[in-house]
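Asks: the amino acid sequence is not available; the structure is as follows:
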C-alpha cells in the first residue's frame, strides 16, 4: 500500500483546462472599473476571437505563445486582434476634465503630445465601432486601422467649446472612414460611385427585409419610393449585389478543342488600319489648312490664334487682356470673331470632310 501511495504521489496531476477567450478578457477588463461602455468592446472581441482562434495569455506581449505544436518546431497561431487589444488596454481612459483640458491645449497651442493622448485614450471606441461592422467586413484589423484614421481626423477638427464630448463627435468620423473602406473594398470593381448608389449599397437589403416583415412586397418601385432614389438605380444596384466579380480569363462554353475566354469575346478597342490611315491623312490636311489660315491673319489675331486656339496650354483671357492692355471681355470678343472666321474658312476649303460646327 505504501508503494502504491508513493507512486500515486509521483504521478503528475492533470492540468486544468485552459481558459477560453471570454474568461481571459473578463479578467483583463476587471482591472479597470471606469471602462463603462468600453467593456462591451472587450466582450465583443472575446466573442469574435473565440470563433477565430485561441486566446492569448497575460504575457502575450512579452513572449510568443507556446503550444503543443511549438515544442515540436511548428508555428503557433497568434490572434492579431487580441494582441492589439492588449496593447490598447495599456493606455488609460481619460476623465471628462482631462479630455477637455487636453482638447483645449491642442486647439490653442497645437501640442502634438496632447493630440496623441486624446487619440490613445479613445482607441477602445474604434474597436467597439469596428465590431458593429464585423459581418459586413470580416477583417476587423482593417476596419480598426481605417477607424483610427477617422479618430485622428476627429481630434484634429474637434472644438472643445461646443459642449459635445469628443467620443460623440469622433464616432461620426470613425464610422465614415469605416463605411468608405467597406464600400471601396467590397468588390474588386467599385460598385458605389454616386450618392444614390452608396445609399442603396448600405440600405437596399435592409429595406427589402423591413418591407417583407411588414407584409409588403419589396418591389423596385416601392424601394425607390421609400429611399428617395430612381427606380433604375435600384434595379442596377440589385443586379450588382446579386453578382460576384467575374474573371476575364474564365473559360466560356464547353469547347474541348480550344478554351474560349471572356476576354476573347470582348470587342476590339483599336481602330482598323483603314481608319487609322484616314485619320492620319485628315490630320495632315487640317494642319496644312490651319497654316494657310494663319498667313491671312495680322496683329492681335495672330497672337490669339497662336496662344489660345492652337496652343497646347492656352493662356487665359485675363492674361491676354493684360498683354494687350484691354479687358478680358474684349479679348473674348476678338476670339469669338476669329473663331467664326476660322470656321467659315474650313467649311469653304474642306466642306463636309471635317466637322466645324
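Replies: Thanks, I have the structure now. From a predicted model like this one, the values you see are computed outputs, not experimental measurements.
Asks: in which helix or strand does residue 233 reside?
Replies: For residue 233, the host element (DSSP states H and E) is helix 231-242.
Asks: now for that helix, which elements pack on it?
Replies: helix 195-213, helix 220-227 (3 or more CB pairs under 8 Å, 6 or more residues apart in numbering; DSSP states H and E). No exception for glycine: its C-beta is placed from N, CA and C like everyone else's.
Asks: which one of the ones you listed lies nearest to residue 323?
Replies: Shortest separation from residue 323 across the helices and strands packed on helix 231-242 is recorded for helix 195-213, at 43.5 Å, computed as CB to CB.
Asks: got the angle between that closest one and helix 220-227?
Replies: 110 degrees (axes from the mean of the first three to the mean of the last three CA atoms, to 10 degrees).
Asks: could you give the mean pLDDT of helix 195-213?
Replies: Helix 195-213 carries an average pLDDT of 82.
Asks: coming back round to it: looking at the helices and strands packed on helix 231-242, which is nearest to residue 129?
Replies: Minimum separation from residue 129 across those (CB to CB) falls at helix 195-213, 15.0 Å.
Asks: return the set of buried residues in whichever helix or strand residue 86 is part of.
Replies: Following DSSP H and E, one finds residue 86 within helix 80-88. Of the residues in helix 80-88, 81, 82, 84, 85, 86, 88 count as buried by neighbour count, 16 or more other CB atoms under 10 Å.
Asks: likewise stretch 215-230?
Replies: Using 16+ other CB under 10 Å as the test for burial, stretch 215-230 gives 218, 220, 222, 223, 224, 227, 229.
Asks: so where do the strands sit in this structure?
Replies: Ranges of strands within the chain are 251-252, 260-261, based on DSSP state E.
Asks: can I get those strands in CSV including mean neighbour count and distance to residue 120?
Replies: As requested, the strands of the chain are exported to CSV (neighbours: other CB atoms under 10 Å; distance: least, CB to CB, whole Å):
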stretch, mean neighbour count, distance to residue 120
strand 251-252, 12, 53
strand 260-261, 12, 51
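Asks: of all those, which lies closest to residue 146?
Replies: Proximity to residue 146, assessed across these by CB to CB, is greatest for strand 260-261 (35.4 Å).
Asks: could you list the low-pLDDT ranges of the protein?
Replies: Where the chain drops to pLDDT under 70, the residues are 1-76, 188-190, 192-193, 244-245, 254-258, 268-271, 351-357.
Asks: domains of it?
Replies: Residue ranges for the domains of the chain, per automatic domain parsing: 21-62+77-88, 96-185, 195-242, 275-353.
Asks: nearest to residue 250, out of those?
Replies: Closest approach to residue 250 among the domains of the chain is made by domain 195-242 (18.0 Å; CB to CB).
Asks: compute the first-to-last residue distance for that closest one.
Replies: Between the opening and closing residues of domain 195-242 we find a distance of 20 Å, counting by CA to CA, to the nearest Å.
Asks: ok now that domain, how far from the chain's centre?
Replies: What separates the centre of domain 195-242 from the centre of its chain is 22 Å, taken as CA atoms, centre = their mean, to the nearest Å.
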